[in-house]
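J.: show me how the following folds:
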Amino acid sequence: TLINCNVSILLYFFILTQKSRTLFVQTGKDVLLEIMDPDAVKDYILLAWRVKKKESKTELLVSFSSDKKPTVHGRYTKTAFPQTNFSVILKNLQKADSGLYDAQMTTSEQVILVTYNITVLDPVSPVKLTVEPVSSSPDSCNVTVSCTTDDYTISSTLTCTNQTCTNQGDKSEITPSAAHLHIYLSDDSITCNHSNQVNWTTATAPINLLCPTNPGKAELFMSMDHKVKHNVLRTFNPPRPNTVYDSVESYCPVIYIRLSVCKTYYLHI
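T.: I've put the predicted structure just below:
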């Protein structure tokens, strides 16, 4: 959900119930704590925003006296900013700020007006899509497609014929960092999606590049000291090398290099 205010972007996802909200906020972003019906706040002695973080005591964030004058408490003077209608903006949230936030109104009794369960999450890392050949024939090929993040990899095998691919179904798993990693086919591409509740990245490869029918490459002869022995480049069809697609959807070509000792190397550029 995107809330527009005259502050930096407040980007987060929330689940709303009657008096309780679950919010997922990206690290470094701001969040708005608000009372949905501020007109219902009347004849009160004190209205206080409080926070209960994991393994910590309940702390006061901001309190409003009966004349609506706000007071920011303790170490929150640089991060909590009172607004109109008893709302509060929390700035630059960090993962240590995760916890339960509530607004308590004191009249002849104490009433909890709203509770926020806030979890602060880092954005997910970029995802890389890698295609590795398994087998091929003149009119089809089998390839293994892998989606790789900083802490996890999932793979799926596809059979491609006439620029149409099939697999055993979409594959998705939860990574050690509790993010969601998903690999799936669309009409004309294969996509890796890495996401959590606040952020996502994708990498996409066109299907027509997974099984090229005539993958001509440049052949370069080199001596063992890596000095160029011949300056002539010629096109030929080497064994199909790995193909890597990055998260901005660009295709990385591969130069096929044959050394004078008959060893074969692949160089990504």
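
J.: low-confidence ranges, this structure, go.
T.: Applying pLDDT under 70 to the chain flags residues 1-18, 162-163, 167-169, 211-269.

J.: domain-wise, how is it divided?
T.: Using automatic domain parsing, the domain parsing of the chain gives 2-121, 128-268.

J.: ok, residue 142 touching residue 132?
T.: No. Assessed by C-beta atoms under 8 Å, residue 142 is found out of contact with residue 132, at 10.1 Å. Glycine gets a C-beta too; all of them are placed from N, C-alpha and C.

J.: in stretch 180-188, what counts as buried?
T.: Of all the residues in stretch 180-188, those buried under the rule 16 or more other C-beta atoms under 10 Å are 181, 182, 183, 184, 185.

J.: stretch 107-116 too?
T.: Of all the residues in stretch 107-116, those buried under the rule 16+ other C-beta under 10 Å are 113, 114, 115, 116.

J.: among those residues, which are in strands?
T.: If you go by DSSP state E, these have 113, 114, 115, 116 in strands.

J.: JSON lines for those, including distance to residue 146?
T.: Supplementary listing: these in JSON lines, determined by distance: C-beta to C-beta, whole Å:
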{"residue": "113", "distance to residue 146": "49"}
{"residue": "114", "distance to residue 146": "45"}
{"residue": "115", "distance to residue 146": "42"}
{"residue": "116", "distance to residue 146": "39"}
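
J.: any idea how far residue 69 is from residue 47?
T.: Residue 69 sits at a distance of 11 Å from residue 47 (criterion: C-beta to C-beta, to the nearest Å).

J.: quick one: which of the two has more around it?
T.: For the pair residue 69 and residue 47, the greater number of neighbours falls to residue 47 (23 against 9), based on other C-beta atoms under 10 Å.

J.: so which elements touch the strand or helix carrying the more buried one?
T.: Using DSSP states H and E, the element containing residue 47 is strand 46-53. In this structure, strand 46-53 makes packing contacts with strand 59-65, strand 99-106, judged by 3 or more C-beta pairs under 8 Å, 6 or more residues apart in numbering; DSSP states H and E.

J.: of the ones you listed, which is nearest residue 27?
T.: strand 99-106 (14.7 Å; C-beta to C-beta).

J.: quick one: buried residues of the closest one?
T.: Residues of strand 99-106 classed as buried by neighbour count (16+ other C-beta under 10 Å): 99, 101, 102, 103, 104, 105.
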